[in-house]
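Chemist: Quick one: sequence plus predicted model below, questions after.
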Amino acid sequence: MDYYWNGRPNSNNTGMGRQRMFSPVYGVVTQIQDMQTGSGRSNGCTKLVTLEQGDGGIVNFVVSPSTTILDCVTFYVSQQVVMFYDPMAPVPLIYPPQYRAVAAGEDVQGVNVTAGYFDRSLLSADRSLQLNLSEQAVVVTSNNQTFTGNPGGRNLVVVYQGSTRSIPAQTSPVKVVVMCGCNG
């Protein structure tokens, strides 16, 4: 998937606080294992997913029950994926880097995905993308239930096929996932 994310995370000096875009990492799944707790046990619900990026770099992601998974796909080794993380969240100082996945999905050619805060007028926090919702757009919650009302003023995962070359770019998304429990 040619995912589109053409901004940088908003810094707190923008006056927008924690309203920002999440950072994407694209790669191939090379390993999936149960996440171990401090006592060396696993609850089976949280996974550590290892990605190999195109440049050969390795990144680990903690995928928990609170991670928004687009279309509820099940990840597997050798799968092309994109995982989004909060660039302002604390991370352990280890190698390879390890982030908590906020949202993740399969990397499908010809489809764009972005994740982050969109204001009430559906303009992204980095001001790079304006959403124009149509009747055909599917708007759901993280657990795939129909969302009613304005999805603006929340963190969203937006799936779309193309956008204008204007500033900001405009698109009519195919799907919008409202991250109800993740509004920073």
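Modeler: Here it is on my side, so go on.
Chemist: and the residue nearest to residue 99 when sequence neighbours are not counted, what does it touch?
Modeler: Nearest residue to residue 99, sequence neighbours excluded (Cβ to Cβ, 6 or more residues apart in numbering): residue 85, at 3.8 Å. Every C-beta, even on glycine, is put in place using the N, C-alpha and C of the backbone. Neighbouring residues of residue 85 by Cβ atoms under 8 Å, 6 or more residues apart in numbering: 22, 23, 25, 61, 99, 100, 101, 102.
Chemist: again, 10 Å this time
Modeler: For residue 85, the contacting residues are 22-25, 59, 61-62, 67, 91, 97-104, 115, by Cβ atoms under 10 Å, 6 or more residues apart in numbering.
Chemist: Now list the buried members of these.
Modeler: Buried members of the contacts of residue 85, counted by 16 or more other Cβ atoms under 10 Å: 22-25, 59, 61-62, 67, 98-104, 115.
Chemist: Map the structural domains onto the sequence of this structure.
Modeler: Listed domain ranges for the chain are 23-106, 110-178 (source: automatic domain parsing).
Chemist: mind exporting the longest strand seen in the chain as PDB, just the C-alpha atoms?
Modeler: Taking DSSP state E as the criterion, the chain has its longest strand at strand 23-34. The C-alpha coordinates for strand 23-34 follow below in PDB (Å, rounded to 0.1, in the frame of the first residue of the first chain):
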ATOM      1  CA  SER A  23       4.200   8.200  12.800                       C
ATOM      2  CA  PRO A  24       4.100   5.200  10.400                       C
ATOM      3  CA  VAL A  25       6.600   2.400  10.000                       C
ATOM      4  CA  TYR A  26       6.400   0.200   7.000                       C
ATOM      5  CA  GLY A  27       7.900  -3.200   6.800                       C
ATOM      6  CA  VAL A  28       7.600  -7.000   6.600                       C
ATOM      7  CA  VAL A  29       6.600  -9.000   9.600                       C
ATOM      8  CA  THR A  30       9.600 -11.300  10.500                       C
ATOM      9  CA  GLN A  31       8.500 -12.600  13.900                       C
ATOM     10  CA  ILE A  32       5.400 -12.600  16.100                       C
ATOM     11  CA  GLN A  33       5.700 -13.700  19.700                       C
ATOM     12  CA  ASP A  34       3.700 -13.400  23.000                       C
END
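Chemist: so residue 59 sits right up against residue 27, yeah?
Modeler: Yes. In this structure residue 59 lies within contact range of residue 27 using Cβ atoms under 10 Å: 6.7 Å.
Chemist: Can you tell me the SS state at the residue of the chain most remote from its centre?
Modeler: Taking Cα atoms, centre = their mean, the residue of the chain most remote from its mean C-alpha position is residue 39, at 29.8 Å. Using DSSP: H, G, I helix; E, B strand; the rest coil as the criterion, the local structure at residue 39 reads coil.
Chemist: So for it, what's the pLDDT?
Modeler: pLDDT recorded at residue 39 is 72.
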